[in-house]
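[1] My questions are about this predicted structure, shown below with the sequence.
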Amino acid sequence: MNRKFETNSKGHLVLGGVDAVELAKEYGTPLYVMEENTILSAMREYKASVDRFYNGNGLICFASKAFSCKEIYRIAMREGLGTDVVSGGELYTALSVGFPAEKICFHGNNKSDKELEYAVTSGVGRIVVDNAEELERLSKIAKKLGKTAPVMIRVKPGVDAHTHNFIMTGQIDSKFGFALETGEAMDIVKKTLDTPDVRLVGIHCHIGSQIHEMLPFTETAKIMMKFIADVKKETGAELDELNLGGGFGIIYTDEDKRIEYLSYMEAVSKVIHECADSMKLKLPFILMEPGRSIVGEAGTTLYTVGAVKTIPKIRTYVSVDGGMFDNPRYILYGAKYDFLLANKADKPADRKVTVAGKCCESGDLLGENVELGNAESGDICAVFSTGAYNYSMSSNYNRNVIPPVVFVKDGKSRVVVKPQTYEDLVRNDI
Ligand SMILES: Cc1ncc(COP(=O)(O)O)c(C=O)c1O
């Protein structure tokens with residue numbers, strides 16, 4: 001593993017200036033640890049890129065499906081970001097800390113009436129319409145509430161972003177949005193312009209996730225600008241806003257490389273300027289929705305090693321006290337991670353093992369054939385880059401409790417999500 005990490009004189013892994021072994025002692029394991037400075041610098045880098053390359057004419061909306069809790073909305077709010085929510089629950093959490101509703105984009109391919117009502121009543125800035133039925137329902141709801149709902153249309157630009165099928169959302173065969181090539185995107189735009197009690201502010205797309213190349217993004221920007229031009233030609237309406245979604249890749253293992261966020265905005269801004277010039281369009285207000293790339297690399301999960309089982313000539317299983325209930329990404333996608341024994345961080349990772357979770361599911365693994373040092377019961381096993389789609393995808397499978405989230409910064413730690421308790425587990429049981 002080529003990953004750089006910090007160690008102290010005890011040979012322990014250090015996260016945000018704090019000894020990871022001490023964190024495990026203080027808060028128990030499994031434990032989600034998030035380095036706050038990594039989150040802040042990603043947010044600032046994205047924001048600065050819009051200021052520098054697009055004259056500040058845009059809004060970075062943190063895609064909170066990657067990691068949703070009160071504190072992350074507070075931080076995003078302080079940093080001047082917007083947020084993308086995808087359920088009534090995420091919306092509630094954001095609003096509960098006073099997140100400005102006008103800076104919220106509300107997504108989802110099957111929003112309920114209740115969720116739409118909640119979004120309209122709260123004054124959400126953009127409701128991203130995903131299907132024709134939703135548009136009709138939204139119009140009725142807005143009328144009933146005496147409001148006009150601001151709408152973006154989710155478009156499938158048809159770009160192949162070379163990523164994992166399960167997280168591919170830009171192609172025609174996707175449950176999200178309206179396809180360009182079939183004409184349904186144009187049809188829904190026309191329909192929206194004719195629908196009462198909604199106001200079309202722009203179009204949205206999201207081409208996939210964990211993307212490491214620039215080309216899919218710049219191609220998408222071109223396609224979307226061309227669509228804005230087509231809409232103008234066919235309807236006379238010039239759309240104000242273009243939301244280019246998220247999807248920027250992060251480093252999980254040595255196989256990954258990361259696009260610099262500044263260079264992303266530089267390249268996309270160039271394309272948008274060129275298109276606006278040649279197509280005689282005004283420059284749209286740009287929205288972007290990075291999720292994984294803001295919180296992913298900030299997170300490390302700490303586990304305690306329990307059983308170590310060697311099956312001769314086959315493999316060694318190193319079992320830890322977490323698993324698919326705190327990180328379902330391996331069982332969902334075969335996701336890869338870097339592992340390290342936090343209490344032996346200065347020792348060589350000289351064997352290949354399978355790290356197994358504790359759930360009653362053979363597929364409950366965190367990694368197969370991964371490099372690790374000599375793991376023994378009681379060691380602290382760290383898994384890197386777990387800040388996105390881990391805590392937010394956690395469950396109570398096998399009635400395991402969801403671990404707490406601790407933020408670390410400048411040598412200090414603080415709890416931002418308390419550990420669940422057994423009482424929490426039975427709270428709603430009758
Ligand atoms: C509409 C939309 N925006 C933003 C994101 C965030 O993507 P990522 O976390 O890869 O940046 C997603 C992820 O699925 C999405 O569906």
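    That came in fine, so what should we check first? The model shown is predicted, which means the values in this text are computed figures rather than measured ones.

[2] Every contact and neighbour count from this point should use C-alpha atoms.
    Noted.

[3] Show me the helices in the chain, by range?
    Shown for the chain, the helices assigned by DSSP state H span residues 20-27, 36-54, 70-78, 88-96, 113-122, 132-145, 184-194, 215-235, 261-279, 292-295, 329-333, 422-426.

[4] Count the residues that sit near Gly17.
    If you count neighbours by other C-alpha atoms under 10 Å, Gly17 ends up with 17.

[5] correction: Glu266
    A count of neighbours around Glu266, defined by other C-alpha under 10 Å, yields 16.

[6] again with Cys360
    Under the criterion other C-alpha under 10 Å, the count of neighbours that Cys360 has is 10.

[7] Quick check, pLDDT for it.
    pLDDT, Cys360: 96.

[8] Same question for the one 4 residues further on.
    Per-residue confidence (pLDDT) for Asp364: 97.

[9] Torsion angles phi and psi at it?
    Geometry field for Asp364 lists phi and psi as phi -80, psi 80, criterion degrees, to the nearest 10.

[10] That one: what's it in contact with?
    Contact partners of Asp364, counting by C-alpha atoms under 8 Å, 6 or more residues apart in numbering, are 323-324, 330-331, 356-358.

[11] I'd like those as a markdown table, with neighbour count appended.
    Putting the contacts of Asp364 into a markdown table (neighbours: other C-alpha atoms under 10 Å) gives the following:
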| residue | neighbour count |
| --- | --- |
| Gly323 | 27 |
| Met324 | 26 |
| Tyr330 | 18 |
| Ile331 | 17 |
| Ala356 | 25 |
| Gly357 | 26 |
| Lys358 | 19 |
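
[12] filter these by proximity to the ligand?
    Residues shared between the contacts of Asp364 and the neighbourhood of the ligand: none [C-alpha under 6 Å from any ligand atom].

[13] distance of the closest residue to Val295 other than its chain neighbours from Asp194?
    Residue nearest to Val295 in three dimensions, not counting chain neighbours: Gly387, with 5.1 Å by C-alpha to C-alpha, 6 or more residues apart in numbering. Relative to Asp194, Gly387 is positioned 43 Å away (criterion: C-alpha to C-alpha, to the nearest Å).

[14] So the two - more neighbours on which side?
    The residue with the greater number of neighbours, taking Gly387 and Asp194 and applying other C-alpha under 10 Å, is Gly387; the counts read 27 against 12.

[15] pretty sure that one contacts Gly296?
    Yes. In terms of C-alpha atoms under 8 Å, Gly387 counts as a neighbour of Gly296; the distance is 4.0 Å.

[16] Identify the contacts common to those two.
    If you check Gly387 and Gly296 against C-alpha under 8 Å, 6+ apart, the residues they both contact are Ala66.

[17] wait, what's in contact with whatever residue of the stretch 101-250 of the chain ends up closest to the ligand?
    Among the residues of the stretch 101-250 of the chain, Gly247 lies nearest to the ligand; the distance is 3.3 Å by C-alpha to the nearest ligand atom. Counting by C-alpha under 8 Å, 6+ apart, Gly247 touches 206-211, 289-293.

[18] contact partners of stretch 114-133?
    By C-alpha under 8 Å, 6+ apart, the residues outside stretch 114-133 that reach it are 87-88, 91, 101-110, 135, 138, 141-142, 145, 147, 149-154, 176-178, 188, 201, 204.

[19] Among the residues you listed, which are located in strands?
    If you go by DSSP state E, the contacts of stretch 114-133 have 104-106, 149-154, 178, 201, 204 in strands.

[20] Next, give me the two most distant ones among those residues.
    Among these, the pair separated by the greatest distance (C-alpha to C-alpha) is Ile104 and Phe178, at 21.5 Å.

[21] out of the two, which sits in the more crowded spot?
    When Ile104 and Phe178 are compared on other C-alpha under 10 Å, the one with more neighbours turns out to be Phe178, at 28 against 25.

[22] bridging residues for the residue in the stretch 51-200 of the chain that the ligand sits nearest to?
    In the stretch 51-200 of the chain, the residue found nearest to the ligand is Ala63; the distance is 5.0 Å by C-alpha to the nearest ligand atom. Beta-bridge pairing for Ala63 (DSSP bridges): Asp84.

[23] residues in the stretch 201-350 of the chain within reach of the ligand, list them.
    Along the stretch 201-350 of the chain, the residues adjacent to the ligand under the rule C-alpha under 6 Å from any ligand atom are 206, 209-210, 245-248, 289-293.

[24] Show me how the record splits this structure into domains.
    The record's domain parsing of the chain by automatic domain parsing lists 6-35+297-426, 36-295.

[25] Quote the end-to-end distance of the longest one.
    Okay, so that is domain 36-295. Its first and final residues considered, domain 36-295 spans 9 Å by C-alpha to C-alpha.

[26] For that domain, give the mean pLDDT please.
    When pLDDT is averaged over domain 36-295, the result is 94.

[27] what's the offset of that domain from the middle of its chain?
    On the basis of C-alpha atoms, centre = their mean, to the nearest Å, domain 36-295 is displaced by 13 Å from the centre of the chain it belongs to.

[28] Likewise for the shortest one?
    The chain centroid and the centroid of domain 6-35+297-426 are separated by 20 Å, computed with C-alpha atoms, centre = their mean.

[29] where along the stretch 301-430 of the chain do the strands fall?
    Under the criterion DSSP state E, counting those that start in this stretch, the stretch 301-430 of the chain contains strands at 315-320, 339-341, 351-356, 365-372, 380-384, 405-409, 412-417.

[30] can you list the residues that contact the second one?
    To tie it back to what came earlier, the one meant is strand 339-341. Residues lying outside strand 339-341 but in contact with it, judged by C-alpha under 8 Å, 6+ apart, are 349, 370-373, 375, 379-384.

[31] tell me which of these is nearest to the ligand?
    Closest approach to the ligand among the contacts of strand 339-341 (C-alpha to the nearest ligand atom): Phe384, at 16.5 Å.

[32] returning to what we had before: return the members of the contacts of stretch 114-133 classed as buried.
    Burial of the contacts of stretch 114-133 was assessed by neighbour count (16 or more other C-alpha atoms under 10 Å); the buried members are 87-88, 91, 101, 103-108, 110, 135, 138, 141-142, 149-154, 176-178, 188, 201, 204.

[33] Distance of the residue nearest to Lys347 when sequence neighbours are not counted relative to Gly249?
    Counting by C-alpha to C-alpha, 6+ apart, Lys347 lies nearest to Gly373, which is 6.7 Å off, once chain neighbours are set aside. Counting by C-alpha to C-alpha, the separation of Gly373 from Gly249 is 28 Å.
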